[in-house]
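>>> starting from these lines, generate the structure:
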Amino acid sequence: MKTHFLAIETSSERCDIAVLSVQDGQHTVVQRSTQGVSRHAEAMFPLVDAALLDAGVNKRSLTAIAFGQGPGSFTGLRVACGVTQGMAYGLGLPVVAVPSLLAVAEAAVYAHPSLAVAAMPGACVVMQDARMGEAYVAVYQPPRQAEQAWQVIVAPFLVDIDQIPQWLQQQLSQWGPDLSAGLTFMGDVLPDNPALLDKLPAWVAAQVANSTRATASSVARLAFGAWQRGDTIQAEQAMPLYVRDKVAFTIEERAQGAGGNPRAPAVANHHITPMTPAHLTAVAAIESQVQSFPWSLKNFADGLKAGYPACVIYHQGQLVGYYMVMLAPDLAHLLVIGVHPEVQRQGLGRRLLAHCEAVARQAGLATVVLEVRESNHAAIRFYKQQGYRPFTTRPGYYPCAHGSRETAHVMRKDFPATTA
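Numbering: from 1, shown residues only. Predicted structure coming up:
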């Protein structure tokens with residue numbers, strides 16, 4: 001049986017379209033490209049038609065449609081997602097959403113035989129220019145067998161380029177020798193910022209791979225593997241992956257003295273570590289400040305005894321947040337998450353949530369669910385920004401004052417499952 005995959009990648013200034021055809025283990029790829037973010041929308045459909053024509057594939061013969069979901073160019077990601085959804089709806093096809101930073105790693109491994117998966121004991125550190133002196137960063141571990149998926153070690157996040165040395169030093173101290181040995185650095189940040197290498201350990205320069213962007217071909221290869229594992233989504237679930245919450249100050253903020261552009265939070269001043277009994281007093285104290293009906297210290301202790309994964313986040317040396325999640329056979333249930341009121345709106349909650357999602361994905365789970373009070377509009381808005389969508393309600397789920405009860409909105413986020 002011959003399968004065909006259409007892939008769209010627009011996270012950079014290039015618009016890439018690829019058609020991957022697979023039969024009897026043999027892969028053939030046709031790729032078409034054009035330059036210029038402003039031309040993505042007008043160039044997309046002609047490129048799709050040209051790639052399909054070159055590959056000799058009728059669009060009704062396609063098996064699935066894949067797109068690079070970001071992070072990257074805001075306009076480009078929206079165009080790619082919109083076209084993918086429209087075509088998938090019209091043709092009744094499944095969709096594969098591929099993180100664009102993962103596609104950078106895949107492109108580097110594929111293009112350089114010396115980086116063959118079997119020869120890479122460590123992980124791929126992808127650092128891609130995000131403009132405004134910032135970088136998109138993610139860390140992935142290659143699969144050890146062909147049928148396995150890449151493992152997410154650090155989910156995509158935004159960091160000031162000047163903070164990369166501090167961030168890397170911090171990560172190396174946490175990863176241990178098994179993961180940090182044999183790291184390979186990918187993306188355009190180090191090649192385009194040679195002065196940055198002087199601030200990094202000397203061995204880093206020898207581990208920089210010449211791969212600076214994602215390609216539609218790498219998206220297509222990852223999509224084929226995901227399709228084989230059943231890691232597809234419906235068209236309505238497709239959405240871009242944004243990690244920059246804000247690209248400009250509002251008129252009101254500028255009137256109050258905010259100038260330039262918003263910066264990424266200083267991630268080098270925080271780290272996430274597993275929760276232990278020694279953390280429980282501080283965790284319960286924060287919980288009491290952020291919840292009307294908080295978990296007790298015993299609730300957290302019972303969760304740890306039950307083996308629920310839980311982590312705390314330190315910011316400038318102080319414990320300021322936490323989460324606990326239950327891993328069920330078919331999904332992950334985020335039980336509780338909180339950040340100290342004094343450091344909220346600094347990206348720490350987003351990092352905790354991303355860490356929780358990475359734990360779920362490493363366990364091979366494709367869905368994270370959570371409950372939120374119907375009246376908690378700020379939390380609902382936050383979760384929607386992180387890709388969660390309401391799918392049911394639980395009347396009378398939460399206790400309220402005077403013995404009354406409040407409805408819970410149950411929200412979920414689906415993503416391609418990984419192999420544990």
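
>>> domain assignment for this protein?
3-99+214-237, 102-207, 265-414 (automatic domain parsing).

>>> can you list those domains in JSON lines and add distance to residue 243?
All C-beta atoms are positioned from the backbone trio N, CA, C, and that covers glycine. Below are the domains of the chain laid out as JSON lines (distance: least, Cβ to Cβ, whole Å):
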{"stretch": "domain 3-99+214-237", "distance to residue 243": "5"}
{"stretch": "domain 102-207", "distance to residue 243": "5"}
{"stretch": "domain 265-414", "distance to residue 243": "8"}
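
>>> mean neighbour count, the ones you listed: which tops it?
Mean neighbour count (mean count of other Cβ atoms under 10 Å) peaks for domain 3-99+214-237 among the domains of the chain, with a mean of 20.

>>> for the protein, longest helix please?
For the chain, the longest helix by residue count, based on DSSP state H, is helix 74-91.

>>> which strands and helices sit next to the following helix or strand past it?
For helix 74-91, the following helix or strand on the C-terminal side (DSSP states H and E) is strand 95-99. With contacts defined as 3 or more Cβ pairs under 8 Å, 6 or more residues apart in numbering; DSSP states H and E, the packing partners of strand 95-99 are strand 64-70, helix 74-91, helix 216-228.

>>> before we move on, back to that, okay, the angle between the longest helix of the chain and strand 64-70?
Angle, helix 74-91 to strand 64-70, by axes from the mean of the first three to the mean of the last three Cα atoms, to 10 degrees: 160 degrees.

>>> quick one: helix 74-91 to chain centroid distance?
Taking the mean of its C-alpha atoms, helix 74-91 sits 19 Å from the chain's own mean (Cα atoms, centre = their mean, to the nearest Å).

>>> tell me the helices and strands packed up against that helix.
Helix 74-91 packs on strand 3-9, helix 40-55, strand 64-70, strand 95-99, going by 3+ Cβ pairs under 8 Å, 6+ apart.

>>> tell me what the longest one is packed against?
Spelled out, it's helix 40-55. Helix 40-55 packs on strand 3-9, strand 14-23, strand 26-35, helix 74-91, going by 3+ Cβ pairs under 8 Å, 6+ apart.

>>> residue 411 looks like it's in a helix, true?
No. Residue 411 is assigned strand when assessed by DSSP: H, G, I helix; E, B strand; the rest coil, not a helix.

>>> now do the contacts for the nearest residue to it once chain neighbours are set aside.
Excluding its sequence neighbours, the residue lying closest to residue 411 (Cβ to Cβ, 6 or more residues apart in numbering) is residue 388, at 4.1 Å. Going by Cβ atoms under 8 Å, 6 or more residues apart in numbering, residue 388 touches 368, 370, 411-413.

>>> pLDDT of the helix or strand harbouring residue 333, averaged?
Using DSSP H and E, residue 333 maps to strand 332-339. For strand 332-339, mean pLDDT rounds to 95.
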